[in-house]
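Novice: Sequence unavailable; structure follows:
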Ligand SMILES: [Zn+2]
């Protein structure tokens, strides 16, 4: 159980006080990953190594003397960006209700490159994908929507130029909603919807849908299926499936707002992961709680390179600039000893 003010910062003021140097950030990562001690992974060694009071970016086992980078196995592995900047980006991403855009991160962190800001945010989003893989249960509404293309909305099930997204939302009495799962699906076929259900909804749950023909065969044998007829007594779709309609409209508003409507199909899955983590954590009172969760995921997500991020082939016109030659990495936010520039004499 994470405690506010001890395990994660309660406020901007606390965040700044805790993470003043890159060493502070490394120590927090160590603590998130290992707690107070780790077991040396060198085969046959197994020495218990305390994780407190380590300096430098490399850890050395006192017995077998093998060394390991302290950022190895995190999304920060091999980064040129100082950890204070990474932490600041993670904090901004967490405490702003709708998240942040790469342009905002570039400005706030005073980065010279948009691509650096973009890459940092996508590495965090990739870590977010590790969260929320548990299946939904109970009464679950399921529907699909289409994102992108020229017009938003759901103009029938043959929407061209759009990315299809399946939505599952738990119903909670009396009128609330529980967790959500979202996934890009290739089409609205029985096969695709059955695969989505299998991955996201616990067997034996009750699945509530509209009367689309793929749902009866997709739910048969695994779920209790309730199909609402769109044209029957209750005329409005949001009354039939209030949960999925609410989530779909929040998702579209979020994409239009924070992301300014620009989401290419290749990156939609990572935006869905961010939306899911935010939605499923919406009840958290403490703003720093999401930061704690995010850094825990980032510490264990494994490295990813810019090349891997764009491997899917980014075709949108808002593609980040390619790396332009060699340039120095961003400057750390760490200020070990404030220099009090206002007291300097004119000759200094
Ligand atoms: Zn060892």
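Specialist: All right, it came through fine. These numbers were taken from a predicted model, which means no experiment stands behind them.
Novice: going forward, measure contacts and count neighbours with C-alpha atoms only.
Specialist: OK.
Novice: So for residue 240, what pLDDT did the model give?
Specialist: If you check residue 240, the pLDDT there is 80.
Novice: repeat for residue 51
Specialist: 80.
Novice: any idea how far the ion is from it?
Specialist: Computed as Cα to the ion, to the nearest Å, the residue 51 to the ion distance reads 13 Å.
Novice: ok, that residue - how many residues close by?
Specialist: Residue crowding around residue 51 was assessed by other Cα atoms under 10 Å; the count is 16.
Novice: before we move on, what about residue 218?
Specialist: 21.
Novice: Give me the secondary structure label for it.
Specialist: Under DSSP: H, G, I helix; E, B strand; the rest coil, the three-state class of residue 218 is helix.
Novice: so who does it touch?
Specialist: Neighbouring residues of residue 218 by Cα atoms under 8 Å, 6 or more residues apart in numbering: 190-191, 193-194, 197.
Novice: Are any of those buried, and if so which?
Specialist: Using 16 or more other Cα atoms under 10 Å as the burial test, these include 190, 193-194, 197 as buried.
Novice: Which one of those residues is nearest to the ion?
Specialist: Within these, proximity to the ion (Cα to the ion) peaks at residue 197, which comes in at 44.7 Å.
Novice: And the helix or strand where that closest one lies, what does it pack against?
Specialist: Assigned by DSSP states H and E, residue 197 belongs to helix 190-200. Here helix 190-200 touches strand 163-172, helix 215-219, going by 3 or more Cα pairs under 8 Å, 6 or more residues apart in numbering; DSSP states H and E.
Novice: starting at the chain centroid, how far to that helix?
Specialist: 23 Å (Cα atoms, centre = their mean, to the nearest Å).
Novice: quick one: that helix to strand 163-172, angle?
Specialist: 50 degrees (axes from the mean of the first three to the mean of the last three Cα atoms, to 10 degrees).
Novice: tell me, how many neighbours does the nearest residue in space to residue 56 that is not next to it in sequence end up with?
Specialist: In space, and not counting its chain neighbours, residue 56 is closest to residue 23: 7.5 Å by Cα to Cα, 6 or more residues apart in numbering. Counted by other Cα under 10 Å, the residues lying close to residue 23 total 18.
Novice: Surely residue 23 is in contact with residue 53?
Specialist: No - at 9.7 Å, residue 23 and residue 53 do not qualify as touching, with contact defined as Cα atoms under 8 Å.
Novice: returning to what we had before: separation between the residue nearest to residue 56 and the ion?
Specialist: When residue 23 is compared with the ion (using Cα to the ion), they lie 23 Å apart.
Novice: Any stretches of the stretch 51-200 of the chain with poor pLDDT?
Specialist: 132, 149-161 (pLDDT under 70).
Novice: Within range of the ion, give me the residues from it.
Specialist: The interface of the stretch 51-200 of the chain toward the ion, taken as Cα under 5 Å from the ion, is made up of 61, 64.
Novice: If we use 6 Å, what do you get?
Specialist: 61, 63-64, 66 (Cα under 6 Å from the ion).
Novice: Which part of the chain gets nearest to the ion, residue-wise?
Specialist: For the chain, Cα to the ion, closest residue to the ion: residue 64, 4.2 Å.
Novice: ok, and the closest non-adjacent residue to that residue?
Specialist: Counting by Cα to Cα, 6+ apart, residue 64 lies nearest to residue 45, which is 6.7 Å off, once chain neighbours are set aside.
Novice: cool, and residue 273?
Specialist: Once flanking residues are discounted, residue 273 sits nearest to residue 129: 5.2 Å by Cα to Cα, 6+ apart.
Novice: cool, and residue 229?
Specialist: Nearest residue to residue 229, sequence neighbours excluded (Cα to Cα, 6+ apart): residue 211, at 5.2 Å.
Novice: Perfect, I'm done here.
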